[in-house]
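Visitor: From the sequence below, what's the structure:
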Amino acid sequence: MFVMRTMLLVIVPSFFLFSLLASPGFAEDKSFYSPVIQVDADAHRILISTLGGIFWIDVPETAKPHIEKLPISGLVDFVVEIRDNGQAPLLKTWKVKSGETSCLHFDGKTCK
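Guide: Now for the predicted structure:
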């Protein structure tokens, strides 16, 4: 019984520490190919849909002057940073695949 308890006291914390190493707490980049549903320039966010759901993407300072150039209903490949604590994803780049716009590619700093 003593050996079993000692093994549990060693194994359980080991699994806990391993799980922390296996899933670090840094942000992850993800790509979404989606139509633009709405651009909220006042709140600096973009509403998109993917896999039957809709969600907002937050826009960084560098992209704020350009978000109104996104074509509503246009198909766009968004790269976002997935954040923790229930925060909306943060936009990193976009490439407009269909729709009229003066900004086909936003690289995180400039529009082209």
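Visitor: Now do stretch 74-88: everything it contacts.
Guide: Stretch 74-88 is contacted from outside by 25, 27-36, 45-46, 48, 55-58, 70, 89-101, using CB atoms under 8 Å, 6 or more residues apart in numbering. Where you see a C-beta, it was placed from the backbone N, CA and C, and this is true even at glycine.
Visitor: Now, of those, which are buried?
Guide: Buried members of these, scored by 16 or more other CB atoms under 10 Å, are 32, 34-36, 45-46, 48, 55, 57-58, 70, 89-96, 101.
Visitor: quick one: Ile67 and Val39 touch, right?
Guide: Yes. Here Ile67 reaches Val39: they are 5.3 Å apart, a contact under CB atoms under 8 Å.
Visitor: tell me which strands and helices the biggest strand by length in the chain is in contact with?
Guide: The longest strand of the chain (DSSP state E) is strand 28-40. On a contact count with 3 or more CB pairs under 8 Å, 6 or more residues apart in numbering; DSSP states H and E, strand 28-40 meets strand 45-50, strand 75-82.
Visitor: same thing but at 10 Å, please
Guide: Helices and strands touching strand 28-40, by 3 or more CB pairs under 10 Å, 6 or more residues apart in numbering; DSSP states H and E, are strand 45-50, strand 53-58, strand 75-82, strand 90-96.
Visitor: Relative to Phe106, which of these is closest?
Guide: strand 90-96 (4.9 Å; CB to CB).
Visitor: Can you spell out which helices and strands pack onto that closest one?
Guide: Going by 3+ CB pairs under 10 Å, 6+ apart, strand 90-96 lies up against strand 28-40, strand 45-50, strand 53-58, strand 75-82, strand 105-106.
Visitor: Just want the angle from it to strand 53-58.
Guide: 110 degrees (axes from the mean of the first three to the mean of the last three CA atoms, to 10 degrees).
Visitor: hey, C-alpha coordinates of strand 90-96 in PDB?
Guide: Extracted in PDB, the C-alpha atoms of strand 90-96 (Å, rounded to 0.1, in the frame of the first residue of the first chain):
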ATOM      1  CA  LEU A  90      -6.200  38.800 -33.500                       C
ATOM      2  CA  LEU A  91      -5.800  39.500 -37.200                       C
ATOM      3  CA  LYS A  92      -2.200  39.100 -38.500                       C
ATOM      4  CA  THR A  93      -2.700  39.100 -42.400                       C
ATOM      5  CA  TRP A  94      -5.300  38.800 -45.100                       C
ATOM      6  CA  LYS A  95      -5.400  38.000 -48.800                       C
ATOM      7  CA  VAL A  96      -8.600  38.800 -50.700                       C
END
